[in-house]
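Q: here you go, sequence then predicted model.
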Amino acid sequence: MKEITVIVETPKGTAQKYDFDATNNRFKLDKVLPAGMSFPYDFGFITDTKGEDGDPLDVVVISELGTFVGCCLDCRIIGAITAEQTKDKKTVRNDRFIAIPMASHVFKDVHKIKDLPKQLIEELQQFFVNYNQEEGRKFKPLGLISGSKSLALIRSQTKKTRG
């Protein structure tokens, strides 16, 4: 499966949500989550992509690795949680792609989203439902798709660059 470089915006275990400010080419603290809430896994994006929400495509990185804001990881995409997100009465598709770092030892045998425990996926979906609810948005998981379908979606949402 093709490797994709993921940039971590918000490391797992933190309650601080960071966003990449492309205009100023740096990371900026966006918000602090409510007490007791933290990101269960690294959350980041795929460069040179653009989703329906206008932002780069979102990626959740499942691993045992300790990362940091701005860390770049070569990952394999194993699938995605397809979802709709509603804000200000506007609904857009806003999937969460699931990635495993190539450097991971613990998850080295995970190549399909079905290789992950069902409980992990359910908890991840619930995190995004709760996180968006705190922001006044609605996040509705639609289902799971395979790694190959995820890669096709990523390719379709990759910005064309001069070459």
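A: Received the coordinates, thanks.
Q: which residue is nearest the centroid of this protein?
A: Closest to where the C-alpha atoms of the chain average out (C-alpha atoms, centre = their mean) is Val59, at 2.0 Å.
Q: how far away from the center of its chain is the lengthiest helix in the chain?
A: The single longest helix within the chain, with elements called by DSSP state H, is helix 118-134. For helix 118-134, the separation from the chain centroid amounts to 12 Å (computed by C-alpha atoms, centre = their mean, to the nearest Å).
Q: for stretch 88-104, same thing?
A: How far stretch 88-104 lies from its chain's middle: 4 Å, per C-alpha atoms, centre = their mean.
Q: swap in stretch 101-121?
A: How far stretch 101-121 lies from its chain's middle: 15 Å, per C-alpha atoms, centre = their mean.
Q: buried ones in that stretch?
A: Residues 101, 104, 107, 110, 113, 116, 121 are the ones in stretch 101-121 that count as buried (16 or more other C-beta atoms under 10 Å). (Each C-beta comes from the backbone N, C-alpha and C, glycine too.)
Q: okay, how far is it across it, tip to tip?
A: 17 Å (C-alpha to C-alpha, to the nearest Å).
Q: what's the answer for stretch 55-75, then?
A: Distance across stretch 55-75, first residue to last, is 20 Å (C-alpha to C-alpha).
Q: ditto for stretch 22-35
A: In stretch 22-35, first residue to last residue: 29 Å (C-alpha to C-alpha).
Q: good, wrapping up.
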